[in-house]
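Peer 1: got a predicted model here, sequence first, then my questions.
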Amino acid sequence: MRAMVLETPAPAEQRPLRLVDLPEPTPGPGEILVRVEVCGVCRTDLHLVEGDLPPLRSSIIPGHEAVGRIEAIGPGVRTLAVGDRVGVPWLHSTCGRCEYCRSGRENLCEAKSFTGYSVDGGYAEKMVAQEGYVFPLPADEEDPARLAPLLCAGIIGYRALRAAMPHPGGRIGFFGFGGSAHLALPLASHLGFETVVYSGTPTHAALARELGATEVVLGAADPTPSVDGAVVFAPAGAVVLRALRAVRKGGRVSIAAVHMSPIPTIDYDRLLFGERSLVSVEANTRLDAEEFLTLARRFHLRPSVAVRPLAEANEALLDLREGRVRGAVVLDLRGA
């Protein structure tokens, strides 16, 4: 099978992913073999490829927004069948026994593993996944590229949105407007919230307007307190301070990032006093995924996607880093 493999992290412009031929993986007990149709390119992949996330293996196939059909099942698989279309997300497995797993917080499990980081992911024609950690997807969707960004960008955006969610009908601010935010915004609108997008990129601001943002603030000027909650999608610590400046008393800022540059000193009296709060979001639970995918179907959420062949994964990551992606970018493996 063909796959894009990372051996040594490096800046995206150095093309650190190599296109190689590898043996086809074999599903073990409780596992399935998925023939990948498409795989989304997530900012977490960029952090992995460029070394912001420390390597866990000597080589890895990235990708954790994979959509495909089950080609084979391992011993003990009972709930899935060959031919089913499934989505393979970031969360690959958890221990199921620790205090976090037992209390419904499996996203904090100390023994959890991740698709495309701990185990090989979806930048490949075929991949192995665990039965209990994949999600059924519509078999009749003619454009599976529209499903891929839901599997991480959508799910993480939903968890971060919920963490920052103000009172019913309140105003939510979005700082950074990429793959995750462009799905969270219409969801917030459907749920009855006003939405304010803060962006320094004109193309991203234009997309926010198209998606029905209540207000779009273009530029880097410090905002005045005008929102009741905010989500920071940009992996830049300075943006956290902008979000805190925008939040009214009693508001919460959530950070939807697996990696963040250092946050400058926070002026307690100006930015936190008044019962403002700041919370990080780590991964997600399977319940988050189920809830979000149900809402995505109910509200017909359709991400804006640019599709590229597998061999252009390095270029896709560079476009993502440079802010040239309008919505999300997805790799098409059907012709790999």
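Peer 2: Okay, I see it.
Peer 1: tell me, how many residues neighbour the residue lying closest to residue 309 once chain neighbours are set aside?
Peer 2: Closest residue to residue 309 apart from its sequence neighbours, by CB to CB, 6 or more residues apart in numbering: residue 332 at 5.9 Å. For glycine as for every other residue, the C-beta is placed from the backbone atoms N, C-alpha and C. Using other CB atoms under 10 Å, the number of residues around residue 332 comes to 18.
Peer 1: go ahead and confirm residue 332 touches residue 41.
Peer 2: No - using CB atoms under 8 Å, residue 332 makes no contact with residue 41, being 11.3 Å away.
Peer 1: helix or strand right after the longest strand that the chain contains?
Peer 2: Longest strand of the chain, by residue count under DSSP state E: strand 31-41. Where DSSP states H and E defines the elements, the next helix or strand beyond strand 31-41 is helix 43-50.
Peer 1: and that next one, what does it pack onto?
Peer 2: Applying 3 or more CB pairs under 8 Å, 6 or more residues apart in numbering; DSSP states H and E, we find helix 43-50 packed against helix 313-321.
Peer 1: contacts only, for the residue nearest to residue 309.
Peer 2: Contact analysis of residue 332 by CB atoms under 8 Å, 6 or more residues apart in numbering lists 37, 38, 145, 307, 308, 309, 310.
Peer 1: switch to 10 Å and redo it
Peer 2: Shown in contact with residue 332 (CB atoms under 10 Å, 6 or more residues apart in numbering): 36, 37, 38, 39, 144, 145, 148, 307, 308, 309, 310, 312.
Peer 1: follow-up on the earlier one: tell me, what's touching residue 332 and residue 41 both at once?
Peer 2: By CB under 10 Å, 6+ apart, the residues touching both residue 332 and residue 41 are 148, 308, 312.
Peer 1: residue ranges for the helices of this structure, please.
Peer 2: Counting by DSSP state H, one finds helices in the chain at the ranges 43-50, 99-102, 153-164, 181-190, 202-210, 237-246, 286-298, 313-321.
Peer 1: deepest-packed of these, please.
Peer 2: Stretch with highest mean neighbour count among those: helix 153-164 (a mean of 26; mean count of other CB atoms under 10 Å).
Peer 1: need the pLDDT of residue 335.
Peer 2: Per-residue pLDDT puts residue 335 at 77.
Peer 1: surely it meets residue 308?
Peer 2: No - counting by CB atoms under 10 Å, residue 308 is not a contact partner of residue 335; they are 11.4 Å apart.
Peer 1: when these two are compared, which one has more neighbours?
Peer 2: Legend: neighbour count by other CB under 10 Å for residue 335 and residue 308, higher for residue 308 (16 against 6).
Peer 1: find the nearest non-adjacent residue to that one, please.
Peer 2: Leaving aside its chain neighbours, residue 308 sits nearest to residue 316 (5.1 Å; criterion: CB to CB, 6+ apart).
Peer 1: hmm, the one you found is touching residue 322, no?
Peer 2: No - using CB under 10 Å as the test, residue 316 is too far from residue 322 to be in contact (11.1 Å).
Peer 1: overlap in contacts of the two?
Peer 2: In contact with both residue 316 and residue 322: residue 12, using CB under 10 Å, 6+ apart.
Peer 1: okay, residue 238: pLDDT?
Peer 2: Predicted confidence (pLDDT) for residue 238: 96.
Peer 1: make CSV out of the shared contacts of residue 332 and residue 41 and add pLDDT and distance to residue 27.
Peer 2: As requested, the shared contacts of residue 332 and residue 41 are arranged in CSV below (pLDDT from 0 to 100; distance: CB to CB, whole Å):
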residue, pLDDT, distance to residue 27
148, 98, 21
308, 98, 28
312, 98, 29
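Peer 1: and the closest residue in space to residue 250 that isn't next to it in sequence, how many neighbours?
Peer 2: The shortest distance from residue 250 to any non-neighbouring residue, by CB to CB, 6+ apart, is to residue 275 (5.0 Å). With neighbours defined by other CB under 10 Å, the count for residue 275 comes to 9.
Peer 1: and residue 275, what does it touch?
Peer 2: Residue 275 is in contact with 249, 250, 251, 252, counting by CB under 10 Å, 6+ apart.
Peer 1: and which of those is nearest residue 198?
Peer 2: residue 251 (14.3 Å; CB to CB).
Peer 1: what about the helices of the chain, which gets the closest to residue 69?
Peer 2: helix 286-298 (17.6 Å).
Peer 1: which strands and helices sit next to the closest one?
Peer 2: When contacts are defined as 3 or more CB pairs under 10 Å, 6 or more residues apart in numbering; DSSP states H and E, helix 286-298 sits against strand 91-93, strand 135-136, helix 153-164, helix 181-190.
Peer 1: per-domain residue ranges of the chain.
Peer 2: 2-151+304-332, 154-280 (automatic domain parsing).
Peer 1: which of those sits closest to residue 293?
Peer 2: Closest approach to residue 293 among the domains of the chain (CB to CB): domain 2-151+304-332, 6.0 Å.
Peer 1: determine how far the closest one lies from the middle of the whole chain.
Peer 2: How far domain 2-151+304-332 lies from its chain's middle: 11 Å, per CA atoms, centre = their mean, to the nearest Å.
Peer 1: span of that domain from start to end?
Peer 2: One end of domain 2-151+304-332 sits 12 Å from the other (CA to CA, to the nearest Å).
Peer 1: ok, now stretch 204-221?
Peer 2: Counting by CA to CA, you get 17 Å between the two ends of stretch 204-221.
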